[in-house]
Each structure stands twice: as structure tokens, then as C-alpha cells.
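# I need the structure of the sequence given here:
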Amino acid sequence: MNSKQLAELSAKACDDKRGEDIVILDMQNVSLIADYFVICQGTNERQVQAIAREVKEQADLNEIDVKRLEGFEQARWVLIDLGDVVCHVFHKDERNYYNIERLWGDAPHVDVSINQEG
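So this is what the prediction gives:
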């Protein structure tokens, strides 16, 4: 599985748990941190944890090593490091505050091919 497919798998996992405002940023020519950032939000702490848990489970099912998982207990900003892909699951209030899409404004957005309702 290449990094774009992994980003799409992560975005689908977010969508499966009703993550909102899912964005994939192509970081390849912008940062050495990762090839892609997947960003989404949940409406409350339980949903944020459910989204993060689903991303981790999908990674495990596809034999992708989760290098780090931070912020799960507080569920305000959960970071799931999948190597070439970093998934950021925000509580909706924290997402506006940190606004990492603006911080990484040079990164092109990747079309999210999942069906998002909203």
C-alpha cells in the first residue's frame, strides 16, 4: 500500500465513524514530516476516540505499523502516526483553534473520494 492509499484508507476510517470536514493534505513537497496529513473532527470526546480507534484498527487490519498515538485520553487532538501518513483527529473546538490547514497552507488538498454527508 502506498502512502496515498494509506491516506485514503485513513480518511475512509474517519468517515466510517462520522468524522466531519475530512481533509487530506499532500505534504510531499512541503514538509519532511509525512507524505500526507489526514485531518478531521468529531463533535465530542467520545466520537474523537471512536474515530481514532477506527483509524488504528484499519491500520492494524492492513498490517500498517502505528508508530505513535498521542492525545487519546484527552480526546481533544489525537495524532495517529502511520509513518508516511499522519492522521489528526480534532475535537471541533480544537480544530478551529489550531487551524493546521492554514499553518500548512502551501500543501495542496487531495480530493477525498469518500462520500461525505454534512
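# Residue most distant from the centroid, this structure?
residue 29 (18.7 Å; C-alpha atoms, centre = their mean).
# quick one: the residue nearest in space to the middle of the chain from residue 2, how far?
Using C-alpha atoms, centre = their mean, the residue of the chain that lies closest to the mean C-alpha position is residue 87, 2.8 Å off. Here residue 87 is placed at a distance of 16 Å from residue 2 (C-beta to C-beta, to the nearest Å). For every residue, glycine as well, the C-beta is placed using N, CA and C.
# that older thread, shouldn't the residue farthest from the centre of the chain be within a helix?
No: read with DSSP: H, G, I helix; E, B strand; the rest coil, residue 29 is coil and lies in no helix.
# Do I have it right that the residue nearest to the centre of the chain meets residue 54?
No: with contact defined as C-beta atoms under 8 Å, residue 87 does not count as touching residue 54 (10.3 Å).
# Spit out the residues that contact those two alike.
Counting by C-beta atoms under 8 Å, 6 or more residues apart in numbering, the contacts common to residue 87 and residue 54 are residue 14.
# Longest helix in the protein, please.
If you go by DSSP state H, the chain has its longest helix at helix 45-61.
# State the mean pLDDT of the helix or strand just after that helix.
Downstream of helix 45-61, the first helix or strand assigned by DSSP states H and E is strand 68-70. In this model, strand 68-70 carries a mean pLDDT of 97.
# what bits of this structure have low per-residue confidence?
For the chain, the stretches flagged by pLDDT under 70 are 113-118.
# Quick one: the strands in the protein, in order.
Under the criterion DSSP state E, the chain contains strands at 20-26, 36-42, 68-70, 77-81, 85-91, 109-110.
# Show residues contacting the fifth one.
Spelled out, it's strand 85-91. Here strand 85-91 has contacts from 3, 6-7, 10, 14, 19, 33-45, 48, 51-52, 55, 75-80, 98, 100, using C-beta under 8 Å, 6+ apart.
# Now which of these would you call buried?
3, 6-7, 10, 14, 19, 34-42, 48, 51-52, 55, 75-78, 80, 100 (16 or more other C-beta atoms under 10 Å).
# show me the contacts for the residue lying closest to residue 69 once chain neighbours are set aside.
The shortest distance from residue 69 to any non-neighbouring residue, by C-beta to C-beta, 6 or more residues apart in numbering, is to residue 80 (5.4 Å). Applying C-beta under 8 Å, 6+ apart to residue 80 gives the contacts 10, 52, 55, 56, 59, 66, 68, 69, 86, 87, 88, 89.
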